[in-house]
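Undergrad: Provided below for reference: sequence and predicted model.
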Amino acid sequence: MEISGGLTTIIPLAYLASAVLFILGIKRLSHPDTAAGGNRLAAVGMLLAVIATLLERGLDYTWIIAGVAAGGLIGAIMARTVKMTAMPEMVAVFNGFGGAASGLVAVGEYLRVSGAETLAIDSGVSIMAGTLIGAVTFSGSMIAFGKLQGFVTGNAISNPLVKFSAGFLLAVALGLAVYLIGFESNLLFYWGLIAAALVLGILFVIPIGGADMPVVVALLNSYSGLAAASAGFVLENNALIISGALVGASGLILTGIMCRAMNRSLANVLFSAFGTGAATAGRAADGDRVATPIEAEDSAMVLGYASRVIFVPGYGLAVAQAQHRIRELADLLTERGVAVRYCVHPVAGRMPGHMNVLLAEANVPYEQLCEPEDVNPDMENIDVAVVVGANDVVNPLARDDPSSPIGGMPIIETDRAKTCIVIKRSLSVGYAGIDNPLFYLRNNRMFFGDAADALARITEEVKQL
Amino acid sequence: MEGTLLIGLYVFVLAMFVGFELITKVPPTLHTPLMSGSNAISGISIVGALLVIGRAGDAVLMRWIGLAALILATINVVGGFLVTDRMLQMFKSRDAS
């Protein structure tokens, strides 16, 4: 008795310690130098929580070892082999798995309590919330994964029927939940609730366009945290509640940042089916405006004798696999005494911060990475801004024309730099489907071609200077 | 019982505030590792999965549900922390590279 009495104190204390480790771990993510250590601290916290749980009596270790071995192996292989460009898919899948795990915990608990008694109101509410959130997170994440991967159409599917069905299913799920808590526990109704929630998750993500997936992945990240927290309510376990709340907050903040970076409300992202197609095809080939082309030699001249240069990379850079090429050019310029920075727009990659990871992978030192707010106030003093594989995020219409589809979206104002060079295959429009007046400005030059090839040619020419 | 739910809510709300404070200090450069790392933390449901297996007793279905939850949560935890570590190793200072 004495030992088990001790354990009932030790286990919750261990959970508290692991929550503290999570908090300290996230705190260390505030700087690239301490971030890796922070992540390891959080991993230690997780290990501690697992060990504490294993001290509970009555656990079946064969099943546990089998489950941990299988999951650990799969997780390790996925983490080792995933390409950095595929990080959004990976996070989407993991969000889904986390949501499913939390949901299954609620299901398991329902099976345990439903046989014996009618549900107590508080555990009933927790179980139903855990089931609902977990199931929606799982199926929604799988659809988001499909859209990112291209299995599911990236187009926004806008259909009044989708909205109606989603509303109807939500009402059904909530109705079933109320019935299960208030009247009788009925296994068939409970499976119905799960099915409704799974379909609801699908209908929630299906209407959202591929270009908006970063927001959705961030939001699902938040849901996976809330799912874990509700599993914590189900089990009356504070470790789950705290961790879930931390992740829920993180996802919400990132969702807010992404929405602000596009100057759209969350409701607009979720329900307005942005990017349904080429409805707003731009007038890219306007006859009366002339875009001035530039070649490698002249580009090298302008860059080689500049004193301050910024690179503005967009996802097109990663598509062209040109991260290493841009870094080679930047290194060469740095050797010549040019101050080089990379200005990364929050929506430049396929998820928050994605472009920074891709540049870091190409050995770009993090001191050279900066944000639009760091560069814009001082843009007049930038000698050359080189835009590679980006379009909408440097479109001055966002600033100058409030009625434009991207009106009000924060941009990197490369049009105010002394010279701007845009490396691009053609004058075609970007995601938003609108023309970019930057291309026709007097201080702008168009370098037509593939990003990797163009950067390599400029680099060669700079070496000749 | 009412008491535990209420305490849980207190903990939840306060932890949310801590989360908001912490995460607004993470620079945009590190938002992807933040997402994958916090994602790994949401794999804390691994604890729940262990408890479900532990409480299953002779209930076969519950045991299998616990096992499925355990596998998924472990993938989430192990994969999430490892991939975050892999990414963070790439962020190097100019002096280091």
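TA: Received the coordinates, thanks.
Undergrad: and the longest helix for chain B?
TA: Identified as the longest helix of chain B according to DSSP state H is helix B:2-23.
Undergrad: what are the ranges of the helices in chain B?
TA: Using DSSP H, helices in chain B cover B:2-23, B:31-42, B:45-56, B:60-74, B:80-90.
Undergrad: Looking at those, spot the one closest to residue A:145.
TA: Of all those, it is helix B:31-42 that lies closest to residue A:145, at 13.3 Å by Cβ to Cβ. To be clear about C-beta, it is placed using only N, CA and C from the backbone, and glycine gets the same treatment.
Undergrad: does any bit of that closest one sit next to chain A?
TA: Yes: residues of helix B:31-42 contacting chain A under Cβ under 8 Å from any Cβ of the partner chain: B:31-42.
Undergrad: Now flag whichever of those residues is closest to chain A.
TA: residue B:31 (3.0 Å; Cβ to the nearest Cβ).
Undergrad: OK, contacts around the closest one?
TA: A:254, A:257, A:346, A:351-353, A:356 (Cβ atoms under 8 Å, 6 or more residues apart in numbering or on different chains).
Undergrad: Reformat these into CSV and put distance to residue A:429, neighbour count and secondary structure next to each item.
TA: Below are the contacts of residue B:31 laid out as CSV (distance: Cβ to Cβ, whole Å; neighbours: other Cβ atoms under 10 Å in any protein chain shown; DSSP: H, G, I helix; E, B strand; the rest coil):
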residue, distance to residue A:429, neighbour count, secondary structure
A:254, 27, 29, helix
A:257, 25, 20, helix
A:346, 21, 22, coil
A:351, 23, 28, coil
A:352, 24, 29, coil
A:353, 26, 29, coil
A:356, 26, 29, helix
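Undergrad: and those near chain B, which?
TA: A:254, A:257, A:346, A:351-353, A:356.
Undergrad: quick one: furthest residue from the center of chain B?
TA: residue B:95 (33.3 Å; Cα atoms, centre = their mean).
Undergrad: That residue and residue A:366, how far apart?
TA: 11 Å (Cβ to Cβ, to the nearest Å).
Undergrad: May I ask you to confirm that residue A:212 is in contact with residue A:268?
TA: No: counting by Cβ atoms under 8 Å, residue A:212 does not reach residue A:268; the two are 9.4 Å apart.
Undergrad: Counting neighbours, what do you get for residue 17?
TA: Let's take chain A. 16 (other Cβ atoms under 10 Å in any protein chain shown).
Undergrad: My question was about chain B, not that one.
TA: So residue B:17, with other Cβ under 10 Å, has 11 neighbours.
Undergrad: Run through the residues that contact it.
TA: residue A:249.
Undergrad: who's in contact with stretch A:128-135?
TA: Taking Cβ under 8 Å, 6+ apart as the rule, stretch A:128-135 contacts A:99-107, A:109-110, A:173, A:177, A:180-181, A:190, A:193-194, A:197-198, A:200-201, A:223, A:226-227, A:230-231, A:233-234.
Undergrad: circling back: could you dump the contacts of residue B:31 into CSV with pLDDT added?
TA: Output for the contacts of residue B:31, formatted as CSV (pLDDT from 0 to 100):
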residue, pLDDT
A:254, 92
A:257, 89
A:346, 87
A:351, 86
A:352, 88
A:353, 90
A:356, 93
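Undergrad: and of the residues you listed, the nearest to residue A:334?
TA: Nearest to residue A:334 out of the contacts of residue B:31 is residue A:356 (Cβ to Cβ; 18.5 Å).
Undergrad: number of nearby residues for the residue found closest to that closest one once you drop the neighbours it is linked to in the chain?
TA: Spatially, and ignoring its direct neighbours in sequence, residue A:356 is nearest to residue B:29 (4.5 Å; Cβ to Cβ, 6 or more residues apart in numbering or on different chains). Neighbours of residue B:29 under the rule other Cβ under 10 Å: 23.
Undergrad: Also residue A:215?
TA: Neighbour tally, residue A:215, other Cβ under 10 Å: 25.
Undergrad: Could you do the one 10 residues further on as well?
TA: Using other Cβ under 10 Å, the number of residues around residue A:225 comes to 33.
Undergrad: next one: residue A:94
TA: By the criterion of other Cβ under 10 Å, residue A:94 has 31 neighbours.
Undergrad: I'd like the distance between it and residue A:150.
TA: 19 Å.
Undergrad: before we move on, back to that, need the buried ones from the residues of helix B:31-42 next to chain A selected in ChimeraX.
TA: Entered in ChimeraX, the line below selects the buried ones among the residues of helix B:31-42 next to chain A, by 16 or more other Cβ atoms under 10 Å in any protein chain shown:
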select /B:31,32,33,34,35,36,37,38,39,40,41,42
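Undergrad: can you list the residues of helix B:31-42 next to chain A in CSV and add distance to residue B:91 and pLDDT?
TA: Formatted as CSV, the residues of helix B:31-42 next to chain A follow (distance: Cβ to Cβ, whole Å; pLDDT from 0 to 100):
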residue, distance to residue B:91, pLDDT
B:31, 12, 93
B:32, 11, 94
B:33, 8, 95
B:34, 12, 95
B:35, 15, 94
B:36, 13, 95
B:37, 13, 95
B:38, 17, 93
B:39, 18, 93
B:40, 17, 95
B:41, 20, 95
B:42, 23, 93
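Undergrad: picking up where we left off before, among the contacts of stretch A:128-135, name the ones in strands.
TA: Counting by DSSP state E, none of the members of the contacts of stretch A:128-135 fall within strands.
Undergrad: and these near chain B, which?
TA: Near chain B, judged by Cβ under 8 Å from any Cβ, the entries from the contacts of stretch A:128-135 are A:100-102, A:104-105, A:107, A:109, A:227, A:231, A:233-234.
Undergrad: and which of those is nearest residue B:87?
TA: residue A:101 (22.7 Å).
Undergrad: Contacts only, for the closest one.
TA: A:134, B:43, B:45-46, B:48-49, B:69-70, B:72-73, B:76.
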